[in-house]
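Asks: no sequence for this one, just the structure:
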Ligand code: AVJ
């Protein structure tokens, strides 16, 4: 894999931050598009129909997700923030990490709690946000460099299923996967991904994982069916993305947002359900997809974990747990892992 470019953010208004920010782009746009096309084609033509959740996060989708996190029903973000507010200091003391790497950093909001704690601990040197969205990553990198005057910000634009091995190795890193993102993977993919994270870690590195826990179905389903309809808009936005990027002819008003808990798999699945039978042309895939009335397209799964089962998965992948914390209600779980090898 090659880097497309290694560049700082030009001078100007951010003059004094420019020398501390650089962003490497590992996603070559053409290769990335090709891969996504192939994935989308396979997923749309299979039965039941399914898309990768990555299609949800265009610019508008990312903004809608931020809005979801502010909905009263969507508890995970608040619970995780509650835990991090109370425990970031513990994480800093236990790890004394020099470099924070955030996998799927998005807008890097909760990151600040960790950066503050590591700065107070006196060990912090730099931060690597790692995300597929170049625009968001550049924006958050600049803001963070501005707000943390001695922080090195080395962003990586890549797919964290492909590019873990190219992450900068600045000794004693803390790799963070927050927000319940691990829940988007299905069991086989999850095992591979955890294995890849473990394989990318040196003996002094740590892994901080935020996971949403199993709880009452009504609470889970409410979180993905907010009354204001933000999650519905987020889900339906996928059709606009397909229309724009694949030249598809989806009519969003012909589909309905559905999010329900699947107890067998232990996940919430987000679906788009066809309100009536229809055929949708997808010109860049040179294909048409027909939907029967009520037929669904799955856009995301969000796994809710059992603590013991998740512990087994991480142990299997070669991690050793150092500490774990929940919020007052036991809704969300923050865990800290080492490679299980001696660190000194
Ligand atoms: C960002 C993947 C953790 O699964 O809860 C929120 C995404 N989807 N509402 C989640 C999401 C619908 C979120 N993750």
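Replies: Looks like it arrived, so ask away. Predicted, not measured: the structure shown is a model, and the values here were computed from it.
Asks: Which residues are in contact with the residue sitting furthest away from the middle of the chain?
Replies: Most distant from the centre of the chain: residue 277, at 33.4 Å, with distances by CA atoms, centre = their mean. Residues near residue 277 by CB atoms under 8 Å, 6 or more residues apart in numbering: 290-293. For glycine as for every other residue, the C-beta is placed from the backbone atoms N, C-alpha and C.
Asks: Okay, and the beta partners of the nearest residue to residue 221 once chain neighbours are set aside?
Replies: Spatial nearest neighbour of residue 221, chain neighbours left out: residue 261 (5.6 Å); criterion: CB to CB, 6 or more residues apart in numbering. Residue 261 has the following beta-bridge partners by DSSP bridges: residue 268.
Asks: tally of neighbours for residue 261?
Replies: Taking other CB atoms under 10 Å as the neighbour definition, residue 261 ends up with a count of 21.
Asks: That one contacts residue 218, correct?
Replies: No - if you go by CB atoms under 8 Å, residue 261 and residue 218 don't touch, sitting 9.1 Å apart.
Asks: contacting residues around residue 314?
Replies: Applying CB under 8 Å, 6+ apart, we find residue 314 in contact with 194, 209, 321, 335, 337.
Asks: Tell me the one of those nearest the ligand?
Replies: Distance to the ligand, by CB to the nearest ligand atom, is smallest for residue 209 among the contacts of residue 314, at 12.2 Å.
Asks: and that closest one, helix, strand or coil?
Replies: Following DSSP: H, G, I helix; E, B strand; the rest coil, the label given to residue 209 is strand.
Asks: Three-state assignment for residue 336, please.
Replies: Residue 336 - assigned by three-state DSSP - is strand.
Asks: Which strands and helices lie in contact with the host helix or strand of residue 91?
Replies: Here residue 91, judged by DSSP states H and E, is contained in helix 76-95. The helices and strands touching helix 76-95, judged by 3 or more CB pairs under 8 Å, 6 or more residues apart in numbering; DSSP states H and E, are helix 111-121, strand 206-212, strand 320-326, strand 332-338.
Asks: Could you tell me how far the last one lies from the centre of the chain?
Replies: The chain centroid and the centroid of strand 332-338 are separated by 16 Å under CA atoms, centre = their mean, to the nearest Å.
Asks: re the thing from before, which one of the contacts of residue 277 is nearest the ligand?
Replies: The ligand lies nearest to residue 291 out of these, by CB to the nearest ligand atom, at 21.7 Å.
Asks: Apart from its neighbours in sequence, what residue is nearest that closest one?
Replies: Closest to residue 291 by CB to CB, 6+ apart is residue 274, at 3.8 Å.
Asks: Name all residues that make contact with that neighbour.
Replies: 254-255, 291-296.
Asks: Same check on residue 189?
Replies: The contact partners of residue 189, taken as CB under 8 Å, 6+ apart, are residue 161.
Asks: is it fair to say it lies in a helix?
Replies: Yes - Residue 189: assigned to a helix according to three-state DSSP.
Asks: what's the neighbour count on the residue in the stretch 151-300 of the chain that the ligand sits nearest to?
Replies: Proximity of the stretch 151-300 of the chain to the ligand (CB to the nearest ligand atom) peaks at residue 180, 3.9 Å away. Close neighbours of residue 180, defined as other CB under 10 Å, add up to 22.
Asks: Residue 45 reaches residue 286, doesn't it?
Replies: No - counting by CB under 8 Å, residue 45 sits too far from residue 286 to count as a contact (11.3 Å).
Asks: Neighbour count: the two, which is higher?
Replies: Shown here are residue 45 and residue 286; by other CB under 10 Å, residue 45 has more neighbours (13 against 9).
Asks: Pull the contacting residues for that one.
Replies: 287, 289.
Asks: mind checking pLDDT for it?
Replies: Residue 45 carries a pLDDT value of 93.
Asks: so how far is the ligand from it?
Replies: From residue 45 over to the ligand the distance is 24 Å, taken as CB to the nearest ligand atom, to the nearest Å.
Asks: Look up phi and psi at residue 235.
Replies: Main-chain torsions, residue 235, degrees, to the nearest 10: phi -70, psi -50.
Asks: what are the ranges of the helices in this protein?
Replies: With DSSP state H as the criterion, the chain has helices at 15-18, 29-45, 59-68, 76-95, 111-121, 134-147, 187-200, 217-223, 230-246, 307-316.
Asks: Of the ones you listed, which shows the lowest average pLDDT?
Replies: Note on those: helix 15-18 shows the lowest mean pLDDT, a mean of 63.
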